[in-house]
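A.B. asks: just to be clear, the model below is a prediction. Sequence and coordinates:
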Amino acid sequence: MISVRSVAKKSVSAISPLLTGLIVAAHGKHFIAELDDQRRITCVTRGKKTGVACGDHVEIALTSPDQGVIERIAPRTSLLYRSDLYREKIIAANVDQIVIVVAAVPSFYEELINRCLTAAESVGIRALIVLNKTDLPETAAARVTLALYETLGYPLLTLCARQDVTPLKAHLQGLTSVLVGQSGMGKSTLINALLPEARAREGEVSTALDSGKHTTTHALLYHLDANSHIIDSPGLQEFGLHHLKVEDIAQTFVEFRPYLGHCRFSNCLHLVEPGCALDEAVKSGAIHPRRLSFYRALAQEKLRAPRIY
C-alpha cells in the first residue's frame, strides 16, 4: 500500500511540475504571484506556514488554473522586517533600497526615521529619505530637521508628488526599492505619479486578496521597467527592532563606527558607562546628541524587554 501511494504522488508531480514566480502582493496569508509567463495567480502557503514576503521568488504548485500553493521560497538577498517582543512582521524581501517618505504635514516622527535607518543598515541595504509635499509652508522647518541625515551620507530628496516626481526616478533606476513611512505621507500619491495605471491595479489586488478598499492594508510590487521595481508598503506608526542585539544596534549608526572599540570598558553599551567614546565624540561635535539619544532609547528598550523562553 505504501509503495502504491508513493508511485501515485510521483506521477502527480510529473504531471504538475512546480512553477516559479515573484510575489507581487501580500496580505496576511494570501498572496499574488506573477509567473514567468506574466500570468498572475492567487496563492496561499501550505498548512500554517508563513514568512512569505512581497518581493520573494517562490516555487508554486498549481491547484487550479489561477490558484496555487507556495512550496518553496528561493534564497533571499535581503529581508526587511520589524518585530516586537511577541512577533515579527515582514515588510519586503530582496530589496536594494528603503525609501523613507516623510512630509511636514502631518508631522513625522524623527524616531521612526532612525528606526528605519537602523533596519536598513542591519541588512546592508541603502536608504533614501524623501521629503514630500514641498508645496506646504511648513516644509522649511522639516528640511532643517532632516539636514542632519544628509551630513551622515543619506541622500535627501525634496519634491511634491502632485507636481513632479521626475527627480525620484533616477534614484530608483536598476533597483528594487520599498517605500516606508507613516500614514498620510503621500506614498500612494508617489506611486500613482510614477505609474498612472497603479490605481487600477490596486483595486484589482484588493479584490483578489479580499483586503477591502484601503490600499495601505497590503504590500504591492510594481515594475517601473525591466530592471527597476518599487514596493508600496502599509503605513507605519512604529518600527520595532526587537530582533537586533544591543551590541549590534550601535553598528547601525554609521557615525558611531570610528569610535566603537575605543571606550574605557570593552563591554561598554554606551549608556551611562564612564569613559564612553561616544560621549566624547558628542562633546567634540563629531556625533550629534540627537543621534546618541535615539541610540540610547533603542538600546534601553531592548534591555528592558523581558526574555521569552
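C.D. replies: Structure's in. What do you need? Everything numeric in this text was worked out from a predicted model, so none of it was measured. Residues are numbered from 1 along each chain as shown.
A.B. asks: ranges for the helices of the stretch 201-309 of the chain?
C.D. replies: Assigned by DSSP state H, counting those that start in this stretch, the stretch 201-309 of the chain shows helices spanning 246-249, 277-284, 289-304.
A.B. asks: for those, which one sits closest to residue 30?
C.D. replies: Nearest to residue 30, of all these, is helix 289-304, at 32.1 Å by Cβ to Cβ. Where C-beta positions appear, they are placed from N, C-alpha and C, glycine not excepted.
A.B. asks: make sure residue 118 is indeed in a strand.
C.D. replies: No - per DSSP: H, G, I helix; E, B strand; the rest coil, residue 118 lies outside any strand segment and is helix.
A.B. asks: ranges for the strands of this protein?
C.D. replies: In the chain, the segments counted as strands under DSSP state E are 19-27, 30-35, 40-45, 57-64, 67-73, 79-83, 88-93, 97-103, 126-132, 156-158, 176-180, 219-225, 228-232.
A.B. asks: show me what contacts residue 193?
C.D. replies: The contact partners of residue 193, by Cβ atoms under 8 Å, 6 or more residues apart in numbering, come to 161, 162, 165.
A.B. asks: list the contacts for the nearest residue to the second one once chain neighbours are set aside?
C.D. replies: Sequence neighbours aside, residue 189 is the residue nearest to residue 162 in space, at 6.4 Å (criterion: Cβ to Cβ, 6 or more residues apart in numbering). Contacts here follow Cβ under 8 Å, 6+ apart; on that basis residue 189 touches 132, 161, 162.
A.B. asks: then residue 297?
C.D. replies: residue 111.
A.B. asks: in the chain, where is pLDDT below threshold?
C.D. replies: Low-confidence segments of the chain (pLDDT under 70): 1-16, 199-217, 306-309.
A.B. asks: can you give the domain ranges for it?
C.D. replies: Following automatic domain parsing, one finds the domains of the chain at 12-73, 79-232, 246-304.
A.B. asks: end-to-end on the shortest one?
C.D. replies: Going back to what we said before, that points to domain 246-304. Using Cα to Cα, to the nearest Å, one end of domain 246-304 lies 11 Å from the other.
A.B. asks: next one: stretch 103-112
C.D. replies: For stretch 103-112, the end-to-end distance is 13 Å (Cα to Cα).
A.B. asks: list of residues touching it?
C.D. replies: By Cβ under 8 Å, 6+ apart, the list of residues contacting stretch 103-112 from outside reads 102, 131-133, 136, 138-139, 141-142, 145, 181-182, 184-186, 236, 238-239, 290, 294, 297.
A.B. asks: any of those residues buried? List them.
C.D. replies: Among those, those buried by neighbour count (16 or more other Cβ atoms under 10 Å) are 102, 131-133, 139, 142, 145, 181-182, 185-186, 236, 239, 294.
A.B. asks: just those now: which is nearest residue 85?
C.D. replies: Using Cβ to Cβ, residue 239 comes nearest to residue 85 of the buried ones among the contacts of stretch 103-112, at 14.2 Å.
A.B. asks: which residues touch the closest one?
C.D. replies: Taking Cβ under 8 Å, 6+ apart, we find residue 239 in contact with 82, 112, 115, 116, 119, 180.
A.B. asks: want to try JSON lines for those, with distance to residue 92 and neighbour count as columns?
C.D. replies: Formatted as JSON lines, these follow (distance: Cβ to Cβ, whole Å; neighbours: other Cβ atoms under 10 Å):
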{"residue": "82", "distance to residue 92": "11", "neighbour count": "20"}
{"residue": "112", "distance to residue 92": "17", "neighbour count": "18"}
{"residue": "115", "distance to residue 92": "16", "neighbour count": "23"}
{"residue": "116", "distance to residue 92": "12", "neighbour count": "24"}
{"residue": "119", "distance to residue 92": "11", "neighbour count": "24"}
{"residue": "180", "distance to residue 92": "9", "neighbour count": "29"}
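A.B. asks: out of the residues you listed, who's nearest residue 95?
C.D. replies: Taking Cβ to Cβ as the measure, residue 95 sits nearest to residue 180 out of the contacts of residue 239, at 10.2 Å.
A.B. asks: do you know how far the closest one is from residue 141?
C.D. replies: For residue 180, the distance to residue 141 (Cβ to Cβ, to the nearest Å) stands at 22 Å.
A.B. asks: before we move on, back to that, top of the contacts of residue 193 by neighbour count?
C.D. replies: Scoring the contacts of residue 193 on neighbours with other Cβ atoms under 10 Å, the highest-scoring entry is residue 161 at 24 neighbours.
A.B. asks: touching, that one and residue 190? I think so.
C.D. replies: Yes - with contact defined as Cβ atoms under 8 Å, residue 161 reaches residue 190; the gap is 4.6 Å.
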